[in-house]
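1. heads up, no residue letters with this:
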């Protein structure tokens, strides 16, 4: 509040101006004087008074004409205009109000009344001024928030755009209640071609609810990439949300995995509405209840990652949805409910999701939705992944490296995986990683176990012998103090061939005997059998202490 | 690298999950995972979804398990194999003796 209230007195009679000036000054107000409307308007602009005492009858511009102009100049802040009047007739008084007057002061002036009126109106003006300031501030924040929302929306779009497209299996409909969706639908393909879907519903909606979708989607995608079971994905997401979300916020979610052959379905569901498996041939509907609490509530010890497994076939569709669907209301505040939904789902006329969505919106008949609405329908058929069909290219550079392992490094390291890591850096070799591991591990372990440690495979014949064999291997490896194994890797780009040559310092074996034995080997010869199938060529030197394996990179299975 | 075992609520399904490298380092752990099963059960699932590598000793372990559990289990299932692992199992003709998916 300003220390001195400034009052503009507008009157064409000098006596009135003097009188009011004197009274107002005496009460501690600042005073500005004008003798007609035109002058008042000029003075208003330069002096910015807080209150106007306005005479009605004046030359040039009278009070009726001046008041609306002053009001307009004052803008959104309340400028009290008090008409000075000797008028008694109702019509004139009501005209004063029509043109924007707020009060009257009758002549002769009464000092106490004048003071009271000025005080009352200046209080209102203060309030109005405060409101105006707050509105300005609100506008500022609104603009700022809008801008921030735009930025966040951009980030969300990016984060969630990784969804895998399977149009032949999946239909869905997502409809957020506000700009940000507190519902979440993620689709991704695992390493074996299994299809993973997560549908989640955070408490509330809008930005506060949507914020949790960012870390959840990242965790989901990275775990699907590893091919984890849906229960393990649930554990991981639960842990993230537990750390991240406030106590009263959580995420109801269902995570499902459809095997790439389309025949088995695993489900982890916590706090979500029922799911349905609908058989399109006979309209049969099977209900899958959620068995767990929502994500982000229980700590790790209490958390239950148990799954439900179902055998499914291509005539079945899995229907998943968030509670926004069944809680949608019509104009009488009746909910759509489960019964209406299941009736539609089992009817042969509503096989396609868009038809069901249409029914939903017909039902709500324009009533504004107050929760996010998500629903999806997944056909349980073979997941045709086209991921593997990516054209491979192979390195054009010849590679050659050679490792000599002495007794000490043989004892203290497990070199196979490290060598495989080196080999798979050659362009085009990565997709053969597991196969190359098996090949090298057979050759290396053969060199070590038979060449250096002189173990006999025949003890592996019994189950106990099998364990014994590896105990002996351990023991003998510990005792090893001489000998070496050389691993030589060569890549020849013209042939796209890898050559692995493993040489041990052992005494070798009778090469002719070994090969004839191969056919009879049921168990411990298995390694060689597989080697022969996987490799393009397997050769021994005459001494029997060197194995040379050729592996073709550009052969697909 | 790890091996973990879990049993379904009704005790009929035992799942052995191997993460990382399935090789001779698991010879003893793997054996005790099934030898500790009491009585007869329905299914043993060897879950290989997180197995990146296996060698021939792993194949030996699987065969030993099959031999030892004959008559005590209806089915041994090798589940969630990555394509390359599946190929190794097929080349070894394991699809004739085990239920592989």
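-> Now that the structure is in, tell me what you want to look at. Note that the coordinates shown come from a computational prediction; the quantities given were computed from them, not determined experimentally. Numbers count the residues shown, from 1 in each chain, chains lettered A, B, ... in the order given.
2. who does residue A:402 form a beta bridge with?
-> residue A:488 (DSSP bridges).
3. check what pLDDT it gets.
-> Confidence at residue A:402, expressed as pLDDT, is 91.
4. which residues touch it?
-> By Cβ atoms under 8 Å, 6 or more residues apart in numbering or on different chains, the contact list for residue A:402 reads A:486, A:487, A:488, A:489. For the C-beta atoms, the positions are set from N, CA and C on the backbone; glycine is no exception.
5. which among those gets closest to residue A:10?
-> Nearest to residue A:10 among the contacts of residue A:402, counting by Cβ to Cβ, is residue A:489 at 101.4 Å.
6. and the closest residue to the closest one other than its chain neighbours, how far is that from chain B?
-> Distance criterion Cβ to Cβ, 6 or more residues apart in numbering or on different chains; nearest residue to residue A:489, sequence neighbours excluded, is residue A:401 at 5.4 Å. Distance, residue A:401 to chain B, by Cβ to the nearest Cβ, to the nearest Å: 21 Å.
7. using ChimeraX, define a selection of the buried residues within the contacts of residue A:402.
-> If you want just the buried ones from the contacts of residue A:402 in ChimeraX, going by 16 or more other Cβ atoms under 10 Å in any protein chain shown, the selection is:
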select /A:487,488,489
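8. just put the contacts of residue A:402 in JSON lines and tack on distance to residue A:303 and pLDDT.
-> Listed next are the contacts of residue A:402 as JSON lines, based on distance: Cβ to Cβ, whole Å; pLDDT from 0 to 100:
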{"residue": "A:486", "distance to residue A:303": "50", "pLDDT": "94"}
{"residue": "A:487", "distance to residue A:303": "45", "pLDDT": "95"}
{"residue": "A:488", "distance to residue A:303": "50", "pLDDT": "95"}
{"residue": "A:489", "distance to residue A:303": "46", "pLDDT": "94"}
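9. among the contacts of residue A:402, which two are most distant?
-> Farthest pair in these, by Cβ to Cβ: A:486 and A:489, 10.7 Å.
10. find the residues that touch each one of these two.
-> A:402, A:501.
11. which one among the contacts of residue A:402 gets closest to chain B?
-> residue A:487 (15.7 Å; Cβ to the nearest Cβ).
12. okay but that closest one is in contact with residue A:504, surely?
-> No. Using Cβ atoms under 8 Å, residue A:487 is not in contact with residue A:504, being 10.3 Å away.
13. now do the same end-to-end measure for stretch A:98-113.
-> 23 Å (Cα to Cα, to the nearest Å).
14. let me fix that, I meant to ask about stretch A:400-413.
-> Start-to-end, stretch A:400-413 (Cα to Cα) is 22 Å.
15. and that stretch, what's buried?
-> For stretch A:400-413, by 16+ other Cβ under 10 Å, it's A:405, A:407, A:410.
16. also stretch A:272-290?
-> A:272, A:273, A:274, A:275, A:276, A:277, A:278, A:279, A:288, A:290.
17. and the residues you listed as a markdown table, adding pLDDT?
-> Listed next are those as a markdown table, based on pLDDT from 0 to 100:
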| residue | pLDDT |
| --- | --- |
| A:272 | 92 |
| A:273 | 92 |
| A:274 | 93 |
| A:275 | 94 |
| A:276 | 95 |
| A:277 | 94 |
| A:278 | 93 |
| A:279 | 92 |
| A:288 | 92 |
| A:290 | 90 |
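18. show me those that map onto strands.
-> A:275, A:276, A:277, A:278, A:279, A:288 (DSSP state E).
19. I figured the fifth one hits residue A:316, correct?
-> Yes. Judged on Cβ under 8 Å, residue A:279 makes contact with residue A:316 at a distance of 5.3 Å.
20. same for the helix or strand residue B:63 falls within, what does it pack against?
-> Under the criterion of DSSP states H and E, residue B:63 resides in helix B:56-69. When contacts are defined as 3 or more Cβ pairs under 8 Å, 6 or more residues apart in numbering or on different chains; DSSP states H and E, helix B:56-69 packs onto helix A:433-446, helix A:463-479, helix A:526-534, helix B:27-35, strand B:41-47, strand B:73-79.
21. of all these, which one is nearest residue A:126?
-> Counting by Cβ to Cβ, and looking across all of those, nearest comes strand B:41-47 at 73.9 Å.
22. hey, what's the angle from that closest one to helix B:27-35? Just curious.
-> 150 degrees (axes from the mean of the first three to the mean of the last three Cα atoms, to 10 degrees).
23. list the neighbouring strands of strand B:41-47 plus their orientation.
-> In its sheet, and by DSSP bridges, strand B:41-47 pairs with strand B:13-22 (parallel), strand B:73-79 (parallel).
24. what's the average pLDDT for the helix holding residue B:63?
-> 90.
25. which among the ones in strands among the buried residues of stretch A:272-290 gets closest to chain B?
-> residue A:288 (17.5 Å).
26. quick one: low-confidence parts of the stretch 451-557 of chain A?
-> Applying pLDDT under 70 to the stretch 451-557 of chain A picks out residues A:510-525, A:556-557.
27. flag every residue of it that's near chain B.
-> A:460, A:463, A:466-467, A:470, A:473, A:523-524, A:526-527, A:529-530, A:533-534, A:557 (Cβ under 8 Å from any Cβ of the partner chain).
28. could you identify the buried members of these?
-> Applying 16+ other Cβ under 10 Å to these flags A:460, A:463, A:466, A:467, A:470, A:473, A:524, A:526, A:527, A:529, A:530, A:534 as buried.
29. ok, so of those, who is nearest chain B?
-> Distances from chain B to those, taken by Cβ to the nearest Cβ, are shortest for residue A:527, at 3.5 Å.
30. next, the contact list for the most centrally placed residue in chain B, please.
-> Nearest residue to the geometric centre of chain B (Cα atoms, centre = their mean): residue B:46, 3.4 Å. By Cβ under 8 Å, 6+ apart, the contact set of residue B:46 is B:15, B:16, B:17, B:18, B:62, B:76, B:77, B:78, B:79.
31. highest neighbour count among the residues you listed?
-> Among those, the one with the most neighbours (other Cβ atoms under 10 Å in any protein chain shown) is residue B:18, at 25 neighbours.
32. so it makes contact with residue B:49?
-> No. Using Cβ under 8 Å as the test, residue B:18 is too far from residue B:49 to be in contact (9.4 Å).
33. quick check: buried residues in stretch A:499-506?
-> Buried-residue list, stretch A:499-506, by 16+ other Cβ under 10 Å: A:499, A:500, A:501, A:502, A:503, A:504, A:505, A:506.
34. so how far is chain B from residue A:348?
-> In terms of Cβ to the nearest Cβ, residue A:348 sits 33 Å off from chain B.
35. what about that residue, how many neighbours?
-> 8.
36. quick check: pLDDT value at it.
-> 86.
37. list the contacts of it.
-> Here residue A:348 is in contact with A:280, A:283 (Cβ under 8 Å, 6+ apart).
38. can you put the contacts of residue A:402 in CSV and add distance to residue A:322?
-> Formatted as CSV, the contacts of residue A:402 follow (distance: Cβ to Cβ, whole Å):
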residue, distance to residue A:322
A:486, 62
A:487, 56
A:488, 59
A:489, 54
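39. what about whatever helix or strand residue A:147 lives in, average pLDDT?
-> Using DSSP H and E, residue A:147 maps to helix A:111-160. Mean per-residue pLDDT for helix A:111-160: 87.
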